[in-house]
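1. structure for this input, please:
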Amino acid sequence: MKERVKEMLQQNELFRTLPQETIDEIIEVSSVAEYPKHHFVIHEREQENDLFFLLEGMARSIIITDEGEEVSVRFYHPGELAGLINTLAEDTSRFSVQTMENSRFLVIKKTLFNRLVHDHAPFAEQLTHDISKRLQYMYHALALESSAHHHGFEAYPYRKKAGELMETELVFLPPGAPVIEAASVMLREQTSSVLIMEDEALRGIVTERDLIALLPNYQTIASLTVQDVMSGNVVTISEDAYFYEAMLMMMKHQIKHLPVLSHGKVEGIITLKKLTDFRGHSVLGMVKDIDAAQTIEQLAEQHKKIVAFIDRMMREGAAAHEICSIITEFNDRILRRIIELSEQAMVAGGWGAPPTDYCWITMGSEGRKEQTLSTDQDNGIIYPDIEDEAHHAEVDNYFARLAEKIVAGLEACGFPRCKGDVMATNPKWRKSLSDWKRMVNAWFSHMQGEEIRMFTIFLDFRPVYGKTELANDLRRYFLTRKKDFPFIYNLLAEDDASCSVPLGIFGRVIYDKKIKDGIDIKGGALVHFVNAMRLLSIFEGIEAVSTLERLEQLTKKRVFTQEEEDEIKDSFNTLLHFRIRENMRQLKQKRPLSNELHVAALPKEEQIRLKKSLNTAKWLQQKLIRQFHVRGIRI
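-> Below you'll find the model as predicted:
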């Protein structure tokens, strides 16, 4: 029997790298175990697993889905090693290994296996190569598919901070450490990353993905140090950041490991596996699909998945502003991909590449990162000044065609065209930088009625694609010029006061005449929070664009107390929550998306929350009326 086992080990690529005496030692100290059909050799709930070299029979590696369905990931035949991926698990194993028939295994203790990795460089190199084959699918499942890491984690710990979610068992190596040592440490410590430190400073990070990238040239691994392969400029997060902020950071940078800092010192690390619990498709999976989309139709399919994901966030208690942040990140990625595809279509159509730099800006709620499901388009294009008039016309004609493709693409992906035509297809919102500045001066010189509304939409602009310096230049120009026109504060305050908060003297909600037993949640309520934070931020010279970012900066400038900030934030989130939830209901019932909130149908507790939020909106409106001396309005 021992000779047969030895022969099988020697035929395995991994164990073939070991000396004969080492293989003899493995056989001598390891045990042979027999298991009946359907026995779980390794169970997902077990924290400590040895490795199992299959001698006879057949086994499979499986995932148990949230619905209890078993999904086979890999099949094992005699001469193969099972349990290898589980050594990489950062917590309890998320895979199970089950026999498919009566089977016999050589049970290799994990401590022995770790020693083999540490003592034999060729073994460690081949191990890395072998792991890569399995990780191509299995690690993808572990990190991205929902059921692989669902068990054992609470669903969406939105109220938790990074310091509560992080792993504190960290592995550090100096920049000069061999890559082989990093692989050995990862295996021994059951971690998927190693932090590279020098003089107590974080210099880089080495992850499984970095090691896998070396596999095509794995013969050279032994000569490399971690400094040769590490990712520098490590993205980190504060221990006080919330769950959704960590998730956003991973989405933006497409990373799976996020070191957590406390007072500038690394205290822990958050992994994608700890954060995500998605049934169906993960955040990074959707991000990759968006970035890889080759047609508008493919992007439209991703938009449907985003809606389903947002629905789940709502049901699992995410705050409204967190949901809006996630929506914005997804939508920004869709927009950027639409622009790239539109540029490619221009080239294919004989129009060529853009004739000059340009910046695509979003405005309104999209610019403030407060998009909901019913948000329409508000966008524009800024391009550099063109001296020659004829050339200027050619450039604008190009961007007019490009804008139409982009706007049409957005429409196909579920973003309606703006009814007020605030889009880059309109020459008014597609200009050279100097022409944009001239429009700002025109607004300052003559602002009334609808022009004020257009001005407020513009004030929330944000660059999304292209040369962002064009947008930054425009914002600096506005903040400089506004000092010469102090009357704009009174005009903007009057504009907000012209639309009263739908709340009577005795706290009774005043229904909109156009809405049965309800109000316009956006135009009657949310708009007052947006207007107040925008106006006060302009007055204070704050460059932030989103409502809550503006609120935070205003509190730092002592415009609001901490208690007032908490009250405003809570009320704003309540109204946003109602709006998103109603949009979701409308979508499921296949009704047109709108901002209608039927107050009479709300439970009593929610009506009280609504009244509280409307009362806060009324207080903010009164603050503007008093501070900017709006006449003829009773407060």
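2. and the gap between the spatially closest residue to residue 179 that is not a sequence neighbour and residue 27?
-> Closest residue to residue 179 apart from its sequence neighbours, by Cβ to Cβ, 6 or more residues apart in numbering: residue 224 at 4.4 Å. In short, each C-beta sits where N, CA and C put it, glycine included. Distance, residue 224 to residue 27, by Cβ to Cβ, to the nearest Å: 33 Å.
3. repeat that for residue 595.
-> Counting by Cβ to Cβ, the gap from residue 595 to residue 27 is 73 Å.
4. and for residue 582?
-> Residue 582 sits at a distance of 68 Å from residue 27 (criterion: Cβ to Cβ).
5. model confidence score at residue 570, please.
-> Looking at residue 570, its pLDDT reads 89.
6. next: the one 10 residues further on.
-> Residue 580 carries a pLDDT value of 92.
7. pretty sure it sits against residue 372.
-> Yes - at 5.1 Å, residue 580 counts as touching residue 372 under the criterion of Cβ atoms under 8 Å.
8. could you tell me which residues touch both of the two?
-> Common neighbours of residue 580 and residue 372, counting by Cβ atoms under 8 Å, 6 or more residues apart in numbering, are residue 324.
9. and the helices in the stretch 501-635 of the chain?
-> For the stretch 501-635 of the chain, the helices defined by DSSP state H, counting those that start in this stretch occupy 527-540, 547-556, 562-588, 604-627.
10. list the buried residues in the third one.
-> Right, helix 562-588. 564-565, 567-569, 571-584, 586-587 (16 or more other Cβ atoms under 10 Å).
11. and stretch 542-552, by the same measure?
-> 542, 544-552.
12. is residue 266 located within a strand, as I assumed?
-> Yes - under DSSP: H, G, I helix; E, B strand; the rest coil, residue 266 falls within a strand.
13. ok, now which ones touch it?
-> 170, 195, 197, 202, 236, 259-260.
14. most neighbours among those residues, please name it.
-> Compared across the contacts of residue 266, residue 260 has the highest neighbour count, 25 neighbours, by other Cβ atoms under 10 Å.
15. so what strands line up beside the one helix or strand that one maps to?
-> Assigned by DSSP states H and E, residue 260 belongs to strand 257-262. Under the criterion DSSP bridges, strand 257-262 sits next to strand 237-238 (parallel), strand 265-271 (antiparallel) in its sheet.
16. mind jotting down where the strands sit in the stretch 1-150 of the chain?
-> Applying DSSP state E, counting those that start in this stretch to the stretch 1-150 of the chain gives strands spanning 31-35, 40-42, 51-56, 59-64, 70-76, 81-82, 96-99, 103-108.
17. in terms of mean pLDDT, which of those strands ranks lowest?
-> Across the strands of the stretch 1-150 of the chain, strand 70-76 gives the lowest mean pLDDT, at a mean of 69.
18. circling back: nearest to residue 437, of the helices of the stretch 501-635 of the chain?
-> Each of those was scored for nearness to residue 437 using Cβ to Cβ, and the closest is helix 527-540 (16.9 Å).
19. just checking, what packs against that closest one?
-> Applying 3 or more Cβ pairs under 8 Å, 6 or more residues apart in numbering; DSSP states H and E, we find helix 527-540 packed against helix 450-459, helix 487-497, helix 547-556, helix 562-588, helix 604-627.
20. that older thread, hang on, isn't the residue nearest to residue 179 packed against residue 176?
-> No - with contacts counted by Cβ under 8 Å, residue 224 stays clear of residue 176, the gap being 10.9 Å.
21. and residue 359, how close does it get to residue 527?
-> Note on residue 359: its distance to residue 527, by Cβ to Cβ, is 27 Å.
22. who has more neighbours out of the two?
-> Set residue 359 next to residue 527 and count neighbours by other Cβ under 10 Å: residue 359 wins out with 23 against 20.
23. just for the stretch 401-550 of the chain, where's the confidence low?
-> Applying pLDDT under 70 to the stretch 401-550 of the chain flags the ranges 505-506.
24. one more time with 90, if that's ok
-> By pLDDT under 90, the low-scoring segments of the stretch 401-550 of the chain are 414-415, 419-420, 443-454, 479, 482-488, 503-508, 516, 543.
25. show me where it has strands.
-> Using DSSP E, counting those that start in this stretch, the strands of the stretch 401-550 of the chain run over 430-432, 462-466, 519-520.
26. mind giving me the domain ranges of this structure?
-> With domains defined by automatic domain parsing, the chain comprises 2-110+126-148, 152-275, 486-635.
27. let's have the ones you listed in CSV, adding distance to residue 400.
-> Formatted as CSV, these follow (distance: least, Cβ to Cβ, whole Å):
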stretch, distance to residue 400
domain 2-110+126-148, 40
domain 152-275, 31
domain 486-635, 26
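28. tabulate the strands of the stretch 401-550 of the chain in a markdown table, adding columns for distance to residue 123 and mean neighbour count.
-> A markdown table is the format used below for those (distance: least, Cβ to Cβ, whole Å; neighbours: other Cβ atoms under 10 Å):
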| stretch | distance to residue 123 | mean neighbour count |
| --- | --- | --- |
| strand 430-432 | 63 | 21 |
| strand 462-466 | 49 | 20 |
| strand 519-520 | 69 | 21 |
